[in-house]
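Engineer: Need coordinates for the below:
(4 chains)
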4 protein chains.
Amino acid sequence: MIKVGIVGGTGYTGVELLRLLATHPEVELAAITSRKEDGMPVADMFPSLRGRVDLAFSSPDKARLTECDVVFFATPHGVAMAQAPELLAAGVKVIDLAADFRLQDTASFEKWYKQPHTCPDLLKEAAYGLVELNRDAIRKARIVGNPGCYPTTMQLGFAPLLKAGVIDASHLIADCKSGVSGAGRKAEVATLFSEASDNFKAYGVSGHRHSPETLERLSLLTGDKVGLIFTPHLTPMIRGMHSTLYARLTTDIDNAGLQALFEQAYADEPFVDVMPFGSHPETRSTRASNMLRIALHRPADGDTVVVLVVQDNLVKGASGQAVQCMNLMFGLEETAGLRHVPVLP
Amino acid sequence: MIKVGIVGGTGYTGVELLRLLATHPEVELAAITSRKEDGMPVADMFPSLRGRVDLAFSSPDKARLTECDVVFFATPHGVAMAQAPELLAAGVKVIDLAADFRLQDTASFEKWYKQPHTCPDLLKEAAYGLVELNRDAIRKARIVGNPGCYPTTMQLGFAPLLKAGVIDASHLIADCKSGVSGAGRKAEVATLFSEASDNFKAYGVSGHRHSPETLERLSLLTGDKVGLIFTPHLTPMIRGMHSTLYARLTTDIDNAGLQALFEQAYADEPFVDVMPFGSHPETRSTRASNMLRIALHRPADGDTVVVLVVQDNLVKGASGQAVQCMNLMFGLEETAGLRHVPVLP
Amino acid sequence: MIKVGIVGGTGYTGVELLRLLATHPEVELAAITSRKEDGMPVADMFPSLRGRVDLAFSSPDKARLTECDVVFFATPHGVAMAQAPELLAAGVKVIDLAADFRLQDTASFEKWYKQPHTCPDLLKEAAYGLVELNRDAIRKARIVGNPGCYPTTMQLGFAPLLKAGVIDASHLIADCKSGVSGAGRKAEVATLFSEASDNFKAYGVSGHRHSPETLERLSLLTGDKVGLIFTPHLTPMIRGMHSTLYARLTTDIDNAGLQALFEQAYADEPFVDVMPFGSHPETRSTRASNMLRIALHRPADGDTVVVLVVQDNLVKGASGQAVQCMNLMFGLEETAGLRHVPVLP
Amino acid sequence: MIKVGIVGGTGYTGVELLRLLATHPEVELAAITSRKEDGMPVADMFPSLRGRVDLAFSSPDKARLTECDVVFFATPHGVAMAQAPELLAAGVKVIDLAADFRLQDTASFEKWYKQPHTCPDLLKEAAYGLVELNRDAIRKARIVGNPGCYPTTMQLGFAPLLKAGVIDASHLIADCKSGVSGAGRKAEVATLFSEASDNFKAYGVSGHRHSPETLERLSLLTGDKVGLIFTPHLTPMIRGMHSTLYARLTTDIDNAGLQALFEQAYADEPFVDVMPFGSHPETRSTRASNMLRIALHRPADGDTVVVLVVQDNLVKGASGQAVQCMNLMFGLEETAGLRHVPVLP
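Structural biologist: Got it, this is the predicted structure:
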């Protein structure tokens, strides 16, 4: 059994890790930290876990995380990089669900996250945790930066087109819609029920932290300079993310050819489902599961390809992906603990 | 492996059975029938099942249900009783999620369901599928009538009080609220998104089919004549049921004594969680799981006890309970295939 | 034109007052205060008011409220009683949407609101702002305590029965469900979208501030001692309140007689709609309007009468009722500025 | 008073017309037809109208529509063109909320709506009812084709850019999101609460009827050939539409210049609100009102302009716009009956 620690388990990615790990056949939940909630049973904060998770939150100093095999950071940006060196030194692997180990370009990190990067050396060593595009590196990694939710959909949706060199990489458009859980469990007026329900809005249109991450990774897939317009929106549902991607074709390729690019790219992937050409995937078809679905369209048979990508932002977009990385890092079956059938309706 | 057939898998209890059975360790899904959708892969109707359920719907005549070990009926009232005799004769066990085998009083059945009961003999043999109150009978049964969703909450909430004889059984009040999935997957104006969301209403206040079922079962628990006012409401959420039960105490019992009645009654139950006295259970703490939670209150320390009961109406209130019955009928671990952690948020 | 001031306009009752008053034919919005938002145009916080309300928030000291004809307090409990004396001395009328002038029993106020009452003399003078039960007093009042949202439904639903003396007043039950806007616009985890949507729960079951208010007012309607079990619930919608009231009949009265009690009581009321016996009113049939609807049921023709009451908690349950009081206090048409047709769907 | 008839008042645009017209100061509701509901009081179907609309539905033959001054068609496509000739001959003006009089290109109409156009002569005479771009024609028209909801947002969002000739008109992208009421009040599985809530999906990505309408109108604004990728999505809210428009700049224009284009274009428009550059309009800021709001963005100061447009799809996107047309056709104040303040929260 792998001994798992979680730092910062009071948010949505934290409780989702707990849900997934509580039934993972190879995992023993060893510790969960929260300075503020020291001593409180996890199941008192999240009654959904009553009888399923017996741990109590403990303050970081008591948690003995160095005795774990792996520690997940479900924390604000900046926490993981402060604690990773000590854990790694003790032989503990680290998976950060925040942004500390996502961007290789530290200048970009510092610009978007408003803080210096404190361990650029570890950053160089860290693997980017998007399994389908980076499986080998993750397998060997001691430290993984788990991708952002939006970047997961954008990369998996654009990658086959970019690798094949069939689109104009300089003018990609990603119009993305997220459920409200993506904003976290912090008390804020903008995400109150009475503000966010029966309402739809864009945010961060002029610039969002997930742009540099996506650009950095997409540029690794292509020789072209990549340009991206990324527009995030908030949609009144708890979980779910729908990305509508637009790209202009630069070569003569028919619809069957486009479809084949995706089917080949993801033929062996347990968590990527390429639907028939012209499908309209619904976010709920992935709810509470680690599955991501993709469908292609080509309106009026013109030169624009539209890629629709859906996932559960808390699972494949966050905690499920992190567990998928853990499975690889410890040589487990990649799907272990992640075989949930989506909850519909 | 138990070979399972499902009759009528196009509704919500049907797709929920598929979700639960697809990962049940002892089950092989053998057949699913739908006259209208003959030949259509189940995963075309429910993309959440893509890659997880390979069956196609087949018309009843082709389905060879008599080769199954057990057949679930997720059909309108009246279908199970028409097909049960042939299946039982072939040695197949039957679990009906509709009302055909719930009411022992056929006159009451005929009054509320507007059709004659066609096999009263089988009815006498049938076990009522509320496990916590009827486990032994279910274990031995060839045929089970799965309880209604509301009756499950009302019976489990009132039973410890009635058995102990501490309340006035002649004036029970059950004010119940159900998510919209309880109304099924039929196309109807009243359950359209634009009608049912951002809205709350009662329905059937003057009389509802779940009253006679509940009265019949509650009266088995007590010598008193039982009287019940049952008020169902529709609340704008997909899954979840919250029953607020009111009863007047007739004996001198303190809060600890009340709490003890419930804790003792459900001490060994894997799917009933008695929360601390004064708790406020939320429906989402049971979402997509077979758990039912109960909490007691006594406002102003007066003579009225308030019992709060929550469950997922599609799981413990329907398909999960049916699987729990199947497990018992086949001598499996009662929790097999039902260990899902509730999905929160 | 009546010059109106609003103290504390950043919450939901505040912005609803602005919506109603912006189109009121006899009102001039003169000032709105917020210490924290001093100088910010109201329409910057609430873009729905762009082009319709030109005011900016101002700090209380600059607001010159003493030059208004009437001041509404849409503030936390305790603010109105601190400022009312000075305003009244200056000839300004006061309408408090919080609890400072609701309870005549100051001991009860201090118990439930955890603060001393600082002006018991004014309290004695204050009129309770439930127009249908207290119209004459409101007409003459300088100061009005606007009722709570739940108490409005409970009083209007029980009053005709209590006045007629046909029910057992000692065991009333009110099972009430409120939209989330009733919890206000404060940033709190419990009312985040991801916590409150797709979820249903009770709260304050053992005791809630609206009980003493309701008991005090109901006891004025009857010689009997009044007993009340009041159970509030949170339901995932923005606006709307549904109260399901239960009472036992103590006299021999038929359904037509019950219906007549309500139709006579509210025959001339512009904002109370008594629906046909056996109706199921929906909250959305009152959305964004000052209308409250009532329907009666008598399950199985037994001795229990069930009264269903719906309203928009922010209008008839708060700001609309306050404007209705203002209209009376200034001799205006009672429906002035309140003739909105409910928004459906 | 203008005598108004409504054909087909049982859908959402019909009941919204009733809500708006019931308080319109210059309108008398004279007749509303429904073959199926002949004799049923409108307020029995829509209790929100109890006490506010006294009409009953009548079958078309009894409705004496030729005695009206104007008749609105809130019907399926094809009904208005069948009845318009007789009404016009009787001197009655006609406003069609369906598609019969939107497309001047009858071949395109017949392709997308699968029926022949039966009165191409009237079509030539008909005015397209998008007031801000076609006010003079509407003022003089006997017959108006009210725009589709999506086309309203796309045209008002792209028009100032196209008129100024600053964007590449051949590659416009419109990523649009609609509340579920846009799908109408028909009983269909796909728009059930349990299907459409907590879910997000695209539909009609490969081709949608609102494309040809939008293309036809946009091409009138520019000499360039217009190309448009239009992607509609369904978002889980009742009312509201959010269109995210993308266009590439072809000239050197700064942000202030872009903003000026919009501010000048809509300077005198009572129902178009150009928000400050970089704003993020929310759909709820227009809820239940005739207002449409626009905001501009230019990500990373690149060559792509992003235009955000929000409206209430049932008001400015349908019935409100129709009333705005009626006001012009009868020489009334353009805002008469349309001064509702948006309902927030």
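Engineer: For A:Glu125, the count of nearby residues, please.
Structural biologist: When counting by other Cβ atoms under 10 Å in any protein chain shown, one arrives at 12 neighbours for A:Glu125. Every C-beta, even on glycine, is put in place using the N, C-alpha and C of the backbone.
Engineer: list the contacts for the nearest residue to A:His208 once chain neighbours are set aside?
Structural biologist: Excluding the flanking residues, the one nearest A:His208 by Cβ to Cβ, 6 or more residues apart in numbering or on different chains is A:Pro232, at 5.6 Å. With contacts defined as Cβ atoms under 8 Å, 6 or more residues apart in numbering or on different chains, A:Pro232 is in contact with A:150, A:176-178, A:202-205, A:208, A:210.
Engineer: List the pairing partners of whichever strand or helix holds A:Pro232 within its sheet, with orientation.
Structural biologist: Here A:Pro232 sits within strand A:228-234, counting by DSSP states H and E. Sheet pairing of strand A:228-234 (DSSP bridges) gives strand A:172-178 (parallel), strand A:201-202 (antiparallel).
Engineer: so of those, which one's packed in deepest?
Structural biologist: Most buried of the strands paired with strand A:228-234, by mean neighbour count (mean count of other Cβ atoms under 10 Å in any protein chain shown): strand A:172-178, with a mean of 26.
Engineer: Pipe the strands paired with strand A:228-234 into TSV and attach mean pLDDT per row.
Structural biologist: Below are those laid out as TSV (pLDDT from 0 to 100):
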stretch	mean pLDDT
strand A:172-178	98
strand A:201-202	98
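Engineer: Go through those strands and name the closest to A:Leu344.
Structural biologist: Ranking the strands paired with strand A:228-234 by proximity to A:Leu344 (Cβ to Cβ) places strand A:172-178 first, at 18.6 Å.
Engineer: after the closest one comes which helix or strand?
Structural biologist: Following strand A:172-178 in sequence order, the next helix or strand is helix A:193-196 (DSSP H and E).
Engineer: That next one close to chain B?
Structural biologist: No - Helix A:193-196 lies out of reach of chain B by Cβ under 8 Å from any Cβ of the partner chain, never closer than 11.0 Å.
Engineer: Packing partners of that helix?
Structural biologist: helix C:193-196 (3 or more Cβ pairs under 8 Å, 6 or more residues apart in numbering or on different chains; DSSP states H and E).
Engineer: Tell me which residues of the helix it packs on come out buried.
Structural biologist: C:193-196 (16 or more other Cβ atoms under 10 Å in any protein chain shown).
Engineer: what does that helix contact?
Structural biologist: With contact meaning Cβ under 8 Å, 6+ apart, helix C:193-196 is reached by A:12, A:179-181, A:183, A:185, A:191-193, A:195-197, A:236, A:238, B:345, C:180, C:189-190, C:234, C:236.
Engineer: Of these, which qualify as buried by neighbour count?
Structural biologist: Buried by 16+ other Cβ under 10 Å: A:12, A:179-181, A:183, A:185, A:191-193, A:195-197, A:236, A:238, B:345, C:180, C:234, C:236, out of these.
Engineer: ok, back up a step: so for the strand holding A:Pro232, what's the average pLDDT?
Structural biologist: In this model, strand A:228-234 has an average pLDDT of 98.
Engineer: Just the CA trace of the following helix or strand past that strand, in CSV.
Structural biologist: Next along the chain after strand A:228-234, taking DSSP H and E as the criterion, comes strand A:241-248. What follows is strand A:241-248, C-alpha atoms only, in CSV (Å, rounded to 0.1, in the frame of the first residue of the first chain):
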residue,chain,number,x,y,z
MET,A,241,-15.8,22.0,-18.5
HIS,A,242,-16.6,22.5,-22.1
SER,A,243,-13.9,23.9,-24.4
THR,A,244,-14.8,25.0,-27.9
LEU,A,245,-11.6,25.2,-30.0
TYR,A,246,-11.3,26.9,-33.3
ALA,A,247,-8.4,26.5,-35.8
ARG,A,248,-7.9,27.2,-39.5
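Engineer: Which other helices and strands does the helix or strand following strand A:241-248 contact?
Structural biologist: Following strand A:241-248 in sequence order, the next helix or strand is helix A:255-265 (DSSP H and E). Helices and strands touching helix A:255-265, by 3+ Cβ pairs under 8 Å, 6+ apart, are helix A:149-164, strand A:272-274, strand A:292-297.
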